[in-house]
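Participant: 3D model of this:
(2 chains)
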Protein chains: 2
Amino acid sequence: MKKSAAEPLVPRRIAKVKSAARQPSPDERYDANIDHILRAAAAVFAEKSFGLASIRDIAAHAHISFPRIYYYLRNKEELLYLISRRAFEELLRRADEAARGAPDAAARLRKFIAGHLEYHMDNLAEMKVLVREADSLSGRYSADIARLKRDYSRLCRRIIEQFAEESGHTLDRERSRILTSLLFGSMNWFYTWYEPSRDYEQRSRIMDEVFRMVAGSIAEH
Amino acid sequence: MKKSAAEPLVPRRIAKVKSAARQPSPDERYDANIDHILRAAAAVFAEKSFGLASIRDIAAHAHISFPRIYYYLRNKEELLYLISRRAFEELLRRADEAARGAPDAAARLRKFIAGHLEYHMDNLAEMKVLVREADSLSGRYSADIARLKRDYSRLCRRIIEQFAEESGHTLDRERSRILTSLLFGSMNWFYTWYEPSRDYEQRSRIMDEVFRMVAGSIAEH
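Facilitator: As a prediction, this is how the structure comes out:
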């Protein structure tokens, strides 16, 4: 986002932080403002739907003037794209960490599930938007998000296949595809029933239950 | 819908069908037209979202004149309400049948899953609308659908509890609630990945897999 053509040798952000700890650099302020706008946009899309929300609603929710918000983005679709891209990049980062940093496939699967559900719990508006507005992007935006989604889903499927193998089962292609889709379903439905005051305490039980559904299904074969 | 205050002793529809097999009665025609409009509305809501769809779009999709469509309904929200109510009434009817007509709880759970997924396969637009527009109703409409949903979910939960008991496990309240929600998630996500040309042949494998996820999770305890 908004980078000067010639990259400085020392990233500007770090240099600035060192020289003046209190004063955020213009880039930092820009990033913080984008973050702030994306959070506001996700809240408004989650409440009103992407179709009915207007840039004016989002500017009001973010306490930014209507003309000023256009300094940060071109249109409403770009907002939905950025919300989706950030979400999938973060989910992929966690999935990648899960795929690398665990001793066996069972632990990898548990970490994958925990990463997805923890992201979900901390970003309920974003997840609701991702699930409900999956078809609302078009063109390059849509293609770009579809690619991230495919990568994410493939990573999950590979973990499931490895887990099955580790526990002495072989899943054919169809079965690992179906199981992956069902697993995402059980997790992506979460925002519809998760109530922090009741379920936050239950979060490890919920994650265990999701893991047991996959593990149990493979074992039942 | 649109019933005379005093019910005739012989339901009008049957009487008419007997006397003139070729000529549908005004009531039959009314019901068929409502069906037709609801199908069109579900297709338009699924494509455009409830918020962006207009009565004009729906009339055009149903090949009915714009003024004439108001003979059948008051406003757009009533359409969404009727789509949702019909869907849940049909799902409840199937679930009820599953709860009664099977020799044991395992068969009941299988029948419940099959009823839900078969409905889903035959009514992809309706299911997409139900999932995405769950918050779009207000007032009495919203309360009415919430009640049907609660009944449906309760029925499913009871079947899961009976199934667990039958296989020698006891689920505490929290666990049966969590498992029920996860099961609905795995099934309600279906419209996002179901491709009839590829998955229709796989439907019994898909249903088996969903059953195994629940059964496996309970057995893994």
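
Participant: residue B:184 versus residue A:216, what's the distance?
Facilitator: For residue A:216, the distance to residue B:184 equals 17 Å [Cβ to Cβ, to the nearest Å]. In this view, the C-beta of every residue, glycine as well, is placed from N, C-alpha and C.

Participant: same deal with residue A:49?
Facilitator: Residue A:49 is 22 Å from residue B:184, by Cβ to Cβ.

Participant: and the pLDDT at residue A:218?
Facilitator: Each residue has a pLDDT score; the one for residue A:218 is 94.

Participant: pull the contacting residues for it.
Facilitator: Residue A:218 is in contact with A:160, A:163-164, A:167, A:169, A:171, A:179, B:216, counting by Cβ atoms under 8 Å, 6 or more residues apart in numbering or on different chains.

Participant: can I have the buried ones of the residues you listed as a ChimeraX selection?
Facilitator: Here is the ChimeraX command that selects the buried residues among those (16 or more other Cβ atoms under 10 Å in any protein chain shown):
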select /A:160,163,164,171,179 /B:216
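
Participant: skipping its backbone neighbours, what lies nearest residue A:129 in space?
Facilitator: In this structure, residue A:129 finds its nearest non-sequential neighbour in residue A:45, 4.6 Å apart by Cβ to Cβ, 6 or more residues apart in numbering or on different chains.

Participant: run a quick neighbour tally on residue A:63.
Facilitator: 8 (other Cβ atoms under 10 Å in any protein chain shown).

Participant: I meant residue A:56, not that one.
Facilitator: Neighbours around residue A:56, by other Cβ under 10 Å: 10.

Participant: ok, it touching residue A:66?
Facilitator: Yes. The criterion here is Cβ atoms under 8 Å, and residue A:56 meets it with residue A:66 at 5.7 Å.

Participant: in chain A, which residue sits closest to chain B?
Facilitator: Residue of chain A nearest chain B, by Cβ to the nearest Cβ: residue A:216 (2.1 Å).

Participant: from the chain's centre, how far out does the helix or strand harbouring that residue sit?
Facilitator: Using DSSP states H and E, residue A:216 sits in helix A:203-219. The offset between the C-alpha centroid of helix A:203-219 and the centroid of the whole chain comes to 21 Å, using Cα atoms, centre = their mean, to the nearest Å.

Participant: and the angle for it with helix B:203-219?
Facilitator: If you take axes from the mean of the first three to the mean of the last three Cα atoms, to 10 degrees, helix A:203-219 sits at 130 degrees to helix B:203-219.

Participant: the longest helix along chain A near chain B at all?
Facilitator: What stands out as the longest helix in chain A, according to DSSP state H, is helix A:139-166. No. Helix A:139-166 does not reach chain B (Cβ under 8 Å from any Cβ of the partner chain); its nearest approach is 9.3 Å.

Participant: could you say what helices and strands that helix packs with?
Facilitator: helix A:76-100, helix A:105-122, helix A:173-188, helix A:203-219 (3 or more Cβ pairs under 8 Å, 6 or more residues apart in numbering or on different chains; DSSP states H and E).

Participant: show the subsequent helix or strand relative to the shortest one.
Facilitator: Along the chain past helix A:173-188, the next helix or strand (assigned with DSSP H and E) turns out to be helix A:196-199.

Participant: then that next one to CSV, C-alphas only?
Facilitator: Taking C-alpha atoms only, helix A:196-199 is exported to CSV below (Å, rounded to 0.1, in the frame of the first residue of the first chain):
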residue,chain,number,x,y,z
PRO,A,196,-18.5,-14.3,23.5
SER,A,197,-20.0,-14.1,27.0
ARG,A,198,-21.1,-17.7,26.9
ASP,A,199,-18.7,-19.3,24.5
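
Participant: buried residues, it. List them.
Facilitator: Under 16+ other Cβ under 10 Å, the buried positions of helix A:196-199 are residue A:199.

Participant: got a list of contacts for it?
Facilitator: By Cβ under 8 Å, 6+ apart, helix A:196-199 touches A:121, A:193, A:206.

Participant: which of those residues come close to chain B?
Facilitator: Restricting those to those near chain B by Cβ under 8 Å from any Cβ leaves A:193, A:206.

Participant: pull the contacting residues for the closest residue in space to residue A:92 that isn't next to it in sequence.
Facilitator: Nearest non-adjacent residue to residue A:92, counting by Cβ to Cβ, 6+ apart: residue A:152, 5.4 Å away. Applying Cβ under 8 Å, 6+ apart, we find residue A:152 in contact with A:88, A:91-92, A:95.

Participant: need these in JSON lines with neighbour count and pLDDT, can you?
Facilitator: Shown next, in JSON lines, are those (neighbours: other Cβ atoms under 10 Å in any protein chain shown; pLDDT from 0 to 100):
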{"residue": "A:88", "neighbour count": "19", "pLDDT": "97"}
{"residue": "A:91", "neighbour count": "24", "pLDDT": "97"}
{"residue": "A:92", "neighbour count": "16", "pLDDT": "97"}
{"residue": "A:95", "neighbour count": "24", "pLDDT": "94"}
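
Participant: could you dump the residues you listed into TSV with distance to residue A:132 added?
Facilitator: Putting these into TSV (distance: Cβ to Cβ, whole Å) gives the following:
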residue	distance to residue A:132
A:88	16
A:91	17
A:92	21
A:95	22
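
Participant: how about these, which pair is most distant?
Facilitator: A:88 and A:95 (9.9 Å; Cβ to Cβ).

Participant: and residue A:74, helix, strand or coil?
Facilitator: Assigned by DSSP: H, G, I helix; E, B strand; the rest coil, the conformation of residue A:74 is coil.

Participant: follow-up on the earlier one: of the contacts of helix A:196-199 - the most surrounded one?
Facilitator: residue A:206 (25 neighbours).

Participant: how many neighbouring residues does the closest residue to that one other than its chain neighbours have?
Facilitator: Among residues not flanking residue A:206 along the chain, residue B:178 sits closest, at 5.6 Å (Cβ to Cβ, 6+ apart). By other Cβ under 10 Å, 21 other residues sit near residue B:178.
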